[in-house]
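**Student:** Using only what follows, build the 3D model:
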Amino acid sequence: STRMVILGKTGVGKSSLANTKFGEQLFKIGHSVNSDTRTCQAVTKPVNGGNITLIDSPGFFDTDRSEEEMKVEILRCITEFAPGPHAFLIVLKVERFTEHEKASVTKIIQYFFEEVFQYATVLFTHGDQLPEGQTIEEFTHDNEALRDLVAKCGGRCLVVDNKYWKNNQQEEYRNNQVQVKELLKTIDQMVEANKGRCYTNEMLQAVQERIMEEEQLIRQSSGNKSQEEIRKEAKDRTYDWCWIQWFSHSLPNLFRSLFGLAIVDEHILETE
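**Tutor:** Numbers count the residues shown, from 1 in each chain. Okay, here's the model as predicted:
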């Protein structure tokens, strides 16, 4: 299964994007800042002969969430995408790239280090805001910070519109089907360039090993449980294990433990 994690602030259209990608309403969508995705959601679907697991993260970059609330969701996401994602989708709106957006990108680096960009694609929502005749590449070229971000991601950027491009069959560019097809192609090429490797580290591998151990234990006493039920229960047990392991960590130290990073005075230091 190819694992993809959607990263972005609350309100940029992450859940709607996930539904657009799968072509059906699988992810819960809110209609206000306070009711959008606040918990991690994951769905696996067969696509083009393979399975894709899409993990819709909570607003990791929202400033209104407490540290304890964030820790709950971070650990939940870890158990969903272990041993690591093959792709990160950095989701931004087609709008002016302000200090808030720059801060989101900074947090991505704080949480996942620069290596994340090797596995990342920038995906813009609200494509109807693009000026007539302008491509998303042209839009990003006009802003130095955006241009640098896309360059770090190997030039990978696409655009969708979760509302107005759904049935736009006449347009070759402003068409969700075309853009989603291009996204899947881009992800496949990126996974191939990375030789099938996912973004991972010792801690994510440890979480995956724990899930597999729990699956084995559940199978021994599962009765007639399906593989899907076994996997879900194993992840729930592993989440509880993670919680015990890292509950006492502060948020920065939690990320240090999970991702091998230290965050000191807003500078990132690679640890052993």
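**Student:** ok, Met212 to Arg76 distance?
**Tutor:** 18 Å (CB to CB, to the nearest Å). For glycine as for every other residue, the C-beta is placed from the backbone atoms N, C-alpha and C.
**Student:** More neighbours: the two, which one.
**Tutor:** With neighbours defined as other CB atoms under 10 Å, Met212 and Arg76 compare such that Arg76 has more, 21 against 14.
**Student:** Pretty sure the more buried one sits in a helix.
**Tutor:** Yes - per DSSP: H, G, I helix; E, B strand; the rest coil, Arg76 lies within a helix segment.
**Student:** Report whether the expected contact of it with Cys40 is present.
**Tutor:** Yes - using CB atoms under 8 Å, Arg76 makes contact with Cys40 at a distance of 4.4 Å.
**Student:** Quick one: the strands in this structure, in order.
**Tutor:** 2-7, 41-47, 50-56, 87-93, 120-125, 157-159, 261-264, 267-270 (DSSP state E).
**Student:** what would those strands look like in CSV with mean pLDDT?
**Tutor:** Formatted as CSV, the strands of the chain follow (pLDDT from 0 to 100):
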stretch, mean pLDDT
strand 2-7, 89
strand 41-47, 82
strand 50-56, 86
strand 87-93, 92
strand 120-125, 94
strand 157-159, 94
strand 261-264, 38
strand 267-270, 34
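**Student:** Relative to Asp148, which of the ones you listed is closest?
**Tutor:** Closest to Asp148 of the strands of the chain is strand 120-125 (CB to CB; 11.0 Å).
**Student:** List the contacts of that closest one.
**Tutor:** By CB atoms under 8 Å, 6 or more residues apart in numbering, the list of residues contacting strand 120-125 from outside reads 12-13, 16-17, 87-94, 136, 139-140, 149-150, 152-153, 156-162, 183, 186-187, 190.
**Student:** Distance from it to the middle of the chain?
**Tutor:** Distance of strand 120-125 from its chain centroid, counting by CA atoms, centre = their mean, to the nearest Å, is 10 Å.
**Student:** One more: stretch 155-167?
**Tutor:** Relative to its parent chain, stretch 155-167 has a centroid offset of 17 Å by CA atoms, centre = their mean.
**Student:** of the contacts of strand 120-125, buried ones?
**Tutor:** Buried by 16 or more other CB atoms under 10 Å: 12-13, 16-17, 87-94, 136, 139-140, 149-150, 152-153, 156-162, 183, 186-187, 190, out of the contacts of strand 120-125.
**Student:** where does the stretch 51-200 of the chain have low pLDDT?
**Tutor:** For the stretch 51-200 of the chain, the stretches with pLDDT under 70 are 58-64, 67, 167-170.
**Student:** can you do 90?
**Tutor:** 51-82, 95-115, 125-128, 132-133, 142, 160-181, 200 (pLDDT under 90).
**Student:** For the residue located most distally from the centre of the chain, what are phi and psi?
**Tutor:** The outermost residue of the chain, judged against the average C-alpha position, is Gly223 (34.5 Å), by CA atoms, centre = their mean. The phi and psi values for Gly223, taken as degrees, to the nearest 10, are phi 70, psi -120.
**Student:** State the distance from it to Ser66.
**Tutor:** Gly223 sits 40 Å away from Ser66, going by CB to CB.
**Student:** can you redo the strands of the chain as a markdown table with distance to Gln245?
**Tutor:** Output for the strands of the chain, formatted as a markdown table (distance: least, CB to CB, whole Å):
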| stretch | distance to Gln245 |
| --- | --- |
| strand 2-7 | 21 |
| strand 41-47 | 21 |
| strand 50-56 | 21 |
| strand 87-93 | 24 |
| strand 120-125 | 28 |
| strand 157-159 | 37 |
| strand 261-264 | 17 |
| strand 267-270 | 22 |
